[in-house]
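Participant: Sequence and predicted model, in that order:
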Amino acid sequence: MSKEFFEAVRMLEAEKGIPKESIYENISQAVISSIKKEYNGKDIVFCEINEEKQKIKVFVRKNVVEVIEDPDTDLTLEQAQQIRKSAKVGKTIDIPIKTKELGRIIAQKAKHSIRQGLRDAERGKAYKEFKSKTQELVSAKVDRIDPETGNATLYIGKTMTMLPKAEQVPGEVLVEGTQTKVFIVDVKETTKGPKIMVSRTHPGLVRRLFEQEVPEIYDGTIEIKSVSREAGSRSKIAVYTKDEDVDPVGACIGPRGQRVSNIVDALGGEKIDIINYSEDAVDFVSASLAPSDVISVTVLDEEEKTCRAIVPDDQLSLAIGNKGQNVRLAVRLTGWNIDIKPESEANAE
């Protein structure tokens with residue numbers, strides 16, 4: 001086998017990340033499989049690839065016996081000594097295979113192995129790349145919208161993925177050929193390449209948009225404590241900072257509301273409530289019910305995390321929200337079960 005072959009394998013390992021040991025092993029197994037057919041499939045064929053000596057040795061290992069029981073696996077002492085004079089009964093002898101077909105078989109199997117190795121390497125490279133982007137926000141090109149299911153075919157770079165209708169923002173219209181931001185929820189390795197699960201409805205998308213838009217979040221001055229979302233309608237985000245000179249809510253809103261406005265535009269007009277996080281449950285729950293006013297919050301059961309919020313009578317519907325949305329988002333944001341009562345009912349009780 002020419003030294004050019006071994007040099008090509010080394011180059012593939014360096015440039016494409018295909019382990020040379022993998023290529024040699026695949027070629028070896030493929031050659032053995034091809035030649036074994038001539039010996040009725042018996043495990044007596046061996047292939048050794050020596051990179052240091054730049055040689056490929058293919059041979060059949062047979063038993064030296066007094067009486068042949070299986071012509072595929074046995075040789076008489078006389079036959080064996082014609083190949084190696086030192087052969088003895090009870091030992092084995094390696095018989096090199098040197099046929100015109102061998103070079104063709106090796107070349108063919110090497111080509112197949114390298115092609116397979118390239119495909120595996122590309123899949124592995126793509127998987128590692130996207131696995132490192134799990135829970136991140138990426139830009140994707142909308143390639144096609146299925147008219148029946150509404151599922152969107154997207155391309156992230158050269159990799160195709162699917163954005164299911166259920167993961168699209170309700171009411172949002174994706175346009176073929178345009179770019180959109182998607183959140184990578186998870187990546188799984190398959191034989192056909194990485195399977196990338198993306199979403200436009202995940203709360204993580206809101207979190208990443210704020211990180212991109214607000215420098216104080218990106219550099220760690222402000223921390224996003226929690227996010228709750230009903231995609232296409234409303235999100236709530238709780239922010240916190242240890243720096244007394246920084247207003248976390250004001251920083252997220254930005255000068256003239258520009259920062260939050262950019263995020264709202266990116267989400268297609270979705271409303272966003274930004275609130276101050278507090279380790280004090282009463283303060284946190286009270287803030288979470290924005291934009292409504294809250295008169296008081298009473299903890300009913302700390303272990304069960306249940307509390308009661310009292311709001312002005314004219315703020316009740318605002319606190320509960322349309323079809324209960326505001327309180328539902330507040331519950332998810334805080335982790336507390338919130339019972340809302342109007343002031344007049346609380347006074348009567």
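Facilitator: That came through, no problem. As the structure is a computational prediction, the values presented were derived from the model and not from experiment.

Participant: State the distance from residue 21 to residue 241.
Facilitator: 52 Å (CB to CB, to the nearest Å). C-beta: built from backbone N, CA, C; applies to glycine.

Participant: So if I had to pick from the two, which one is more boxed in?
Facilitator: residue 241 (19 against 12; other CB atoms under 10 Å).

Participant: right, and the helix or strand after the helix or strand hosting residue 26?
Facilitator: Mapping residue 26 onto the secondary structure by DSSP states H and E places it in helix 20-36. Going down the chain from helix 20-36, the next helix or strand is strand 45-50, by DSSP H and E.

Participant: Rounded mean pLDDT for that next one, please.
Facilitator: Strand 45-50 comes out with an average pLDDT of 90.

Participant: Mind giving me the packing neighbours of that strand?
Facilitator: helix 20-36, strand 55-65 (3 or more CB pairs under 8 Å, 6 or more residues apart in numbering; DSSP states H and E).

Participant: out of these, which comes closest to residue 274?
Facilitator: helix 20-36 (51.8 Å; CB to CB).

Participant: Hmm, residue 125 is touching residue 17, no?
Facilitator: Yes - using CB atoms under 8 Å, residue 125 is in contact with residue 17, at 6.4 Å.

Participant: separation between the closest residue to residue 199 other than its chain neighbours and residue 173?
Facilitator: Leaving aside its sequence neighbours, residue 199 sits nearest to residue 167 (CB to CB, 6 or more residues apart in numbering; 4.1 Å). Distance, residue 167 to residue 173, using CB to CB: 15 Å.

Participant: Among the two, which residue is more densely surrounded?
Facilitator: Ranked by neighbour count (other CB under 10 Å), residue 167 and residue 173 place residue 167 first, with 19 against 8.

Participant: contacting residues for the more buried one?
Facilitator: Going by CB atoms under 8 Å, 6 or more residues apart in numbering, residue 167 touches 198, 199, 200, 201, 202.

Participant: State the number of residues packed around the fourth one.
Facilitator: What it means is residue 201. 20.

Participant: Once you drop chain neighbours, what's closest to it?
Facilitator: Using CB to CB, 6+ apart and skipping residues adjacent in sequence, the residue nearest residue 201 is residue 231, 3.6 Å away.

Participant: Phi first, then psi, for the one you found.
Facilitator: phi -50, psi 140 (degrees, to the nearest 10).

Participant: Might one say that it is in contact with residue 200?
Facilitator: Yes - if you go by CB under 8 Å, residue 231 and residue 200 touch, sitting 6.8 Å apart.

Participant: who touches both of the two?
Facilitator: Listed contacts common to residue 231 and residue 200 are residue 169; contacts here mean CB under 8 Å, 6+ apart.

Participant: hang on, the earlier thing: and residue 162, which of the helices and strands packed on strand 45-50 is closest to it?
Facilitator: Closest to residue 162 of the helices and strands packed on strand 45-50, according to CB to CB: helix 20-36, at 30.7 Å.
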